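In: Pasting the sequence and the predicted model now:
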Amino acid sequence: MRNVSTPWVLAAAALVLTPAPALAARAAPPAKALSAPTPLDRFLAHLHTLRVRFQQTLVDAHGGVLSHSAGTLIVQRPGKFRWNIHPLHSRGGGQLMVADGRNLWFYDRDLKQVTVQPLSAALSATPAMLLSGTVDVRKSFRERLAGRREGLQWVYVAPRQASGADFRSALFGFDRGTLTKMILEDTLGQVATVTFQHIRINGPVPAADLRFTPPPGVDVIGHPLH
């Protein structure tokens, strides 16, 4: 289900002061592996739920802007999340991805198509899986401190197994310990910059927010676990 990468890595306002590819290049990790917890480790260690709004900009490998998007992200650890993305200044179209603890649902509103598969069969090396606690971060990803710029402390992350990954590398930016920005590069060199807004950590999340029922009239590909 490769197109599931779209809302996470490709689909959110160029909000960094330097181009995302240049930032990623300057943040190339050192050779020595880390043993002490990173800001990402510490953030996840105390994260139970997360609710944010976000804006995202997608650029191609040459820095040309492909799209501006916006949406919401809800996470409930372990193993549940809802990522809803749509074109900026529009509530129509876009994609919705929901992990309900058993299944991963991907709804493309433009295609009127839903794809579902067991969560255990989904690609493990994705930012969604990382934030939702579906995978062990240190086992599935390599982490490096990437310095401080734009007032944020950056952590560089790359999947240990490229064959099972939806992205090539990522930068997670923290403001006083809170994740506020992600810069994600896919295997084609496209870069998505995601900036979080209205961040709520460890607040209540209604169960209905993390369930998904295919809308009437859409094509459904795959069979969910019950």
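Out: It's in.
In: Could you report the neighbour count for the residue lying closest to L119 once chain neighbours are set aside?
Out: In this structure, L119 finds its nearest non-sequential neighbour in L104, 5.1 Å apart by CB to CB, 6 or more residues apart in numbering. From N, CA and C alone the C-beta is placed, and that goes for glycine too. Applying other CB atoms under 10 Å, we find 28 residues neighbouring L104.
In: Please apply the same query to S90.
Out: Each residue near S90 was counted by other CB under 10 Å, and the total is 10.
In: Now do the same contact list for it.
Out: Remark: with contacts taken as CB atoms under 8 Å, 6 or more residues apart in numbering, S90 is in contact with nothing.
In: Any chance of the backbone angles for it?
Out: The phi and psi torsions at S90 (degrees, to the nearest 10) take the values phi -150, psi 140.
In: Remind me what whichever strand or helix holds A192 packs against, helices and strands.
Out: Using DSSP states H and E, A192 sits within strand 191-201. Counting by 3 or more CB pairs under 8 Å, 6 or more residues apart in numbering; DSSP states H and E, the packing neighbours recorded for strand 191-201 are helix 20-26, strand 49-59, strand 178-185.
In: Could you check how many residues crowd around I199?
Out: When counting by other CB under 10 Å, one arrives at 15 neighbours for I199.
In: Now it: closest residue in space, sequence neighbours ignored.
Out: Once flanking residues are discounted, I199 sits nearest to V52: 4.9 Å by CB to CB, 6+ apart.
In: thinking that neighbour is in contact with V194, fair?
Out: No. Counting by CB atoms under 8 Å, V194 is not a contact partner of V52; they are 9.5 Å apart.
In: which one of these two has more residues nearby?
Out: Between V52 and V194, counting by other CB under 10 Å, V194 is the more crowded of the two (28 against 19).
In: Mind jotting down where the strands sit in the protein?
Out: Ranges of strands in the chain, per DSSP state E, are 49-59, 65-76, 80-87, 95-100, 103-108, 113-118, 141-149, 152-159, 169-175, 178-185, 191-201, 219-221.
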